[in-house]
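Engineer: Here is my input, please return the structure:
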Amino acid sequence: MTSKNWKKVISYLSQDPLIRQVIASIDLKDYEKTGDVYAELISSIISQQLSTKAAATIHGRFLKLFRSGYPKPNLLLKKTNEQLRSVGLSYQKSGYVKNVAQFAIEENLLEKDWSKLSDDAIIDYLTQIKGVGKWTVQMILMFGLKRPDVFPVDDLGIQQGIVQLYNIKETGKELKPKLIQISEKWSPYRTTACRYIWKWKDSQ
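Structural biologist: A predicted model of the protein is given here:
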């Protein structure tokens, strides 16, 4: 994103006075998309239910199983569950990463043109893979493909951050509709708004 476009996004989000306060208090950098959905899927599965530090350690060990440092689908499928478990993957995650590798081969995932698919179409497509949920795909949309208007309403950090920032009283079934309602004022730049909220919440 050019500095001009970044300023445009910040100016738009700053129309919300509470988000404007967050932006003023947080130093957030732009980032480059990887575009590698397959590798992002593998990384996301490995990271599930782990701290950032533990996930990075296990992911690093996992990549060392491959001579090139890249888990090509055909090579990943040849790894035994014992090999995968030896670097810290659970039995379940070992199965899930192999599901991704099999899907990648069958669907030629490494050559796919994602620009032709909408966010919802990508979510529907990738959640066919056992072990890949909506939240995982939303993270890939946000960080792997850098889609600008993703709102992961099921993310606990986003929920807690918005509840705290907007002093929301709704709970239970009423919470998510309220969060979505609030997020609509940030569209079409909800990805950036969420990144600010995550960082702001972590800084509290």
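
Engineer: tally of neighbours for the closest residue in space to Gly157 that isn't next to it in sequence?
Structural biologist: Computed as C-beta to C-beta, 6 or more residues apart in numbering, the closest residue to Gly157 that is not its neighbour in sequence is Trp198, at 5.4 Å. Yep, even glycine has a C-beta here, placed from its N, CA and C like the rest. Trp198 has 18 neighbours, counted by other C-beta atoms under 10 Å.

Engineer: what's the pLDDT at Trp198?
Structural biologist: Here, the pLDDT recorded for Trp198 equals 93.

Engineer: This structure: helices as residue ranges?
Structural biologist: All helices of the chain, identified by DSSP state H, fall at 3-13, 17-25, 37-47, 52-63, 73-78, 81-86, 91-107, 119-126, 134-139, 156-166, 175-183, 190-203.

Engineer: Please list all residues in contact with Leu63.
Structural biologist: Contact analysis of Leu63 by C-beta atoms under 8 Å, 6 or more residues apart in numbering lists Gly69, Tyr70, Pro71.

Engineer: State the number of residues packed around the second one.
Structural biologist: Other residues near Tyr70 number 13, with proximity taken as other C-beta under 10 Å.

Engineer: Relative to Asp30, how far out is it?
Structural biologist: 26 Å (C-beta to C-beta, to the nearest Å).

Engineer: quick revisit: surely the residue nearest to Gly157 meets Ile158?
Structural biologist: Yes. Trp198 lies in contact with Ile158 (C-beta atoms under 8 Å); the separation is 7.0 Å.

Engineer: For Gly133, which non-adjacent residue is closest in space?
Structural biologist: Closest residue to Gly133 apart from its sequence neighbours, by C-beta to C-beta, 6+ apart: Thr127 at 6.4 Å.

Engineer: Now the one you found: phi and psi?
Structural biologist: With angles defined as degrees, to the nearest 10, Thr127 sits at phi -80, psi 0.

Engineer: separation between it and Thr34?
Structural biologist: Where Thr34 is concerned, Thr127 sits at a distance of 20 Å (C-beta to C-beta).

Engineer: Same question for Ile197.
Structural biologist: For Ile197, the distance to Thr34 - C-beta to C-beta - is 22 Å.

Engineer: ok, now how distant is Ile58 from Leu77?
Structural biologist: According to C-beta to C-beta, Ile58 stands 19 Å off from Leu77.

Engineer: These two: which is more packed in?
Structural biologist: Neighbour count, other C-beta under 10 Å: between Ile58 and Leu77, Ile58 has more, with 18 against 14.

Engineer: Where does pLDDT dip in the chain?
Structural biologist: The chain contains no residues with pLDDT under 70.

Engineer: What are the structural domain limits within it?
Structural biologist: Taking automatic domain parsing as the reference, the chain has its domains at 12-31+150-203, 37-144.

Engineer: circling back to that earlier point, between Ile197 and Thr34, who's got more neighbours?
Structural biologist: Comparing Ile197 with Thr34 by other C-beta under 10 Å, the one with more neighbours is Ile197, at 26 against 14.

Engineer: my read: that one touches Ile158, true?
Structural biologist: Yes. Contact criterion C-beta under 8 Å: Ile197 and Ile158 qualify, at 6.1 Å.
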